[in-house]
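**Q** The sequence and its predicted three-dimensional model are supplied below.
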Amino acid sequence: MENNWPIWEIFIRSKNGLNHKHVGSLHATDAEMAMQNARDVYTRRNEGISIWVVESKHISASDPDEGESLFDPANDKVYRHPTFYNLPDELKHM
Amino acid sequence: MEKNLNDIFQAKIDREEKIEPKDWMPDAYRKTLIRQISQHAHSEIVGMLPEGNWITRAPTLRRKVALMAKVQDEAGHGLYLYSACETLGIDRDTLFEQLHSGKAKYSSIFNYPTLSWADIGSIGWLVDGAAIMNQVPLCRCSYGPYARAMVRVCKEESFHQRQGFEILLNLSKGSDEQKAMLQESVNRWWWPAMMMFGPSDADSPNTQQSMQWKIKRFTNDELRQKFVDICYEQAKILNVTLPDPDIKWNEERGHYDFGEINWDEFWQVVKGNGPCNKERIAARKTAWEEGAWVREAAVAHANKRAARKTKKVA
């Protein structure tokens, strides 16, 4: 490892029942230090009950310029949505 | 092609869509953001110094824990902002290097000394007050990571201002000496706080472009006016006079008029000739240089542990 500490992405679960959510990043030499730093930087006011740390280089991200073609297959499939189906108004609770 | 990308970019901003790190953006937008966010981050870090000066001499334990928490928050704000800045493709060491060499600026307000305990109150009331005025609109900034960092900062900043006001409120109900200390401190901090909004609109060439990109939502003068209007009323609660004989209500404008800012002083401090510029940068550099062995030792320790782990697995 060079002297530049690697960047870690920090994810916090604010309470049980909710997803871990990305909150930002920080520098640390290893996972343990990333965890301690995340505690100090991102949870000074009880913002979380669980922390994930992931070294940034391990995250593969989709290319925003290719977003259109990547998500295109979902665009023309309106039949995946409940509103696609024509049902009478008398029908309740469906 | 370039023009086309620019148009698409601006249209996105006009629709109030956020720009995220991997999205295409004009070089000038990236450059402006790096300058602004890094300057903001440096301000948080340097801002710890004038207040840190009073931690050991806080008058009570209650004041001391609050001040320590505030200074720790400022370190945290610096870190949120550095990490937002790094998403634009500049690394942390380069950012530090720019601060230490003087290439990057930080808010001039931190080049003024904290001479009395009342200054800790004045910083909370006026300096954090002005900062909040600047920062709240930044929560809606077009660049996603900056906007998100600012949401966190603003949430935490409110305690900073309240603890400052409480300090001043206590002094305002104290002895004659305490009242005098309060007034003397407000006299020194008022004008530098007014300068925190930057040059007036006529002398702020970047404002128009920043507004078009929705990095800025209000001009410097608009924010400064808001600040005066709010502070004038708050000063009454503290029984202090703002050191500006020209402040008076303008019925027609629906705002307080105020006197001319000493722009010569403003530019002098920006250029490095304020009362504490040299001291602040020297303190930063010393902390960075004397902390070098800690950073190296942490790397050595991590490498050693990683090697031990690999050996075990093998």
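**A** Received it, and whenever you're ready, just let me know what you need.

**Q** Every contact and neighbour count from this point should use C-alpha atoms.
**A** Will do.

**Q** Dihedrals phi and psi, residue A:13?
**A** phi -100, psi 120 (degrees, to the nearest 10).

**Q** likewise the one 5 residues further on?
**A** In this entry, residue A:18 is assigned phi and psi values of phi -110, psi 160 (degrees, to the nearest 10).

**Q** what's the burial count for it?
**A** By other C-alpha atoms under 10 Å in any protein chain shown, 9 other residues sit near residue A:18.

**Q** For chain A, give the residue positioned nearest to chain B.
**A** Closest residue of chain A to chain B, C-alpha to the nearest C-alpha: residue A:41 (5.4 Å).

**Q** Can you tell me the element the residue nearest to that residue when sequence neighbours are not counted falls in?
**A** Nearest residue to residue A:41 in three dimensions, chain neighbours excluded: residue B:76, at 5.4 Å (C-alpha to C-alpha, 6 or more residues apart in numbering or on different chains). Residue B:76 belongs to helix B:61-86 when elements are defined using DSSP states H and E.

**Q** quick one: average pLDDT of that helix?
**A** Summarised as a single mean, pLDDT over helix B:61-86 is 97.

**Q** by contact count, what packs against it?
**A** strand A:20-27, helix A:31-42, helix B:27-46, helix B:48-52, helix B:144-172 (3 or more C-alpha pairs under 8 Å, 6 or more residues apart in numbering or on different chains; DSSP states H and E).

**Q** So which of these is nearest residue B:8?
**A** Among the helices and strands packed on helix B:61-86, helix B:27-46 comes nearest to residue B:8, with 13.9 Å by C-alpha to C-alpha.

**Q** Contacts for the closest one next, please.
**A** B:74-75, B:77-82, B:84-85, B:88, B:90, B:95, B:99, B:104-107, B:110, B:146, B:213, B:280, B:284 (C-alpha atoms under 8 Å, 6 or more residues apart in numbering or on different chains).

**Q** Could you rerun that using 7 Å?
**A** Residues outside helix B:27-46 that contact it (C-alpha atoms under 7 Å, 6 or more residues apart in numbering or on different chains): B:74-75, B:77-78, B:81-82, B:85, B:88, B:95, B:99, B:104-107, B:110, B:280.

**Q** Give me the pLDDT for residue 54.
**A** All of this refers to chain A. 98.

**Q** sorry, should have said chain B
**A** 96.

**Q** Going by residue numbers, what spans are helices in the stretch 151-300 of chain B?
**A** B:176-195, B:207-212, B:220-238, B:263-268, B:277-290, B:292-313 (DSSP state H, counting those that start in this stretch).

**Q** Mind putting those into a markdown table with mean pLDDT and distance to residue B:42?
**A** Shown next, in a markdown table, are those (pLDDT from 0 to 100; distance: least, C-alpha to C-alpha, whole Å):
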| stretch | mean pLDDT | distance to residue B:42 |
| --- | --- | --- |
| helix B:176-195 | 98 | 17 |
| helix B:207-212 | 93 | 20 |
| helix B:220-238 | 97 | 20 |
| helix B:263-268 | 96 | 18 |
| helix B:277-290 | 96 | 10 |
| helix B:292-313 | 91 | 19 |
